[in-house]
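In: Any chance you could fold what I've pasted below:
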Amino acid sequence: MALRPYEEIVGPLIIPARGKTYPLPVVSMADGLRIHASYNGGPDLSLDDLVTIILGDAREQMLADGVPLSVIDRALWAGIADFQHGRETAEAVWENGAPKAALEEMARILQQAPTTPQAAATTTPPLASGTGTNAPKTPAPRSRGKKSSPTSP
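Out: Below is the predicted model of the structure:
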């Protein structure tokens, strides 16, 4: 069996959308180690960091070209699959979407992640219980000429 050229195996994943192509960057060793460490309980990797690592400049190019967010999302999942499992899996994800198990795992991870940074959590006072009487009142909506009583003629 002949080996394929190295660039075909690890070269950029090319995302076709709206008549253009968007090459995703090859994940560097440092970023790959960050992703693996985060997945294995190491330092957290924010979703924004993950998107930047996987999509790189392609994200901004796609947004500027008006590519729908659903296509950008699928490109992200295909890029993650390419990094984790290789090109064949990335192509399958591009064609069929992210596997249900992967989506459930991501939802589980996001539910466990703290929503506020630790520093903010320790300095921010807790929210009021909502039972006080000093809450600002929202104005009632205007009637636009309609009578509010159903019994009025």
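
In: just the strands in this protein please.
Out: 14-17, 20-23 (DSSP state E).

In: Could you measure from A30 over to A90?
Out: The gap separating A30 from A90 is 21 Å, by CB to CB, to the nearest Å. All C-beta spots, glycine's among them, are computed from the backbone N, C-alpha and C.

In: Now distance to P99, mean pLDDT and mean neighbour count too, for the strands of the chain, in a markdown table please.
Out: As requested, the strands of the chain are arranged in a markdown table below (distance: least, CB to CB, whole Å; pLDDT from 0 to 100; neighbours: other CB atoms under 10 Å):
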| stretch | distance to P99 | mean pLDDT | mean neighbour count |
| --- | --- | --- | --- |
| strand 14-17 | 19 | 96 | 16 |
| strand 20-23 | 23 | 97 | 14 |
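
In: before we move on, the earlier item: so which of A30 and A90 has more stuff around it?
Out: Neighbours were counted for A30 and for A90 using other CB atoms under 10 Å; A90 has more, 22 against 8.

In: pLDDT value on that one, please?
Out: As predicted, A90 sits at a pLDDT of 93.

In: Return the residues in contact with the nearest residue to it once chain neighbours are set aside.
Out: For A90, ignoring the flanking residues on the chain, the nearest one in space by CB to CB, 6 or more residues apart in numbering is D82 at 3.5 Å. Under the criterion of CB atoms under 8 Å, 6 or more residues apart in numbering, the neighbours of D82 are L13, L24, T89, A90.
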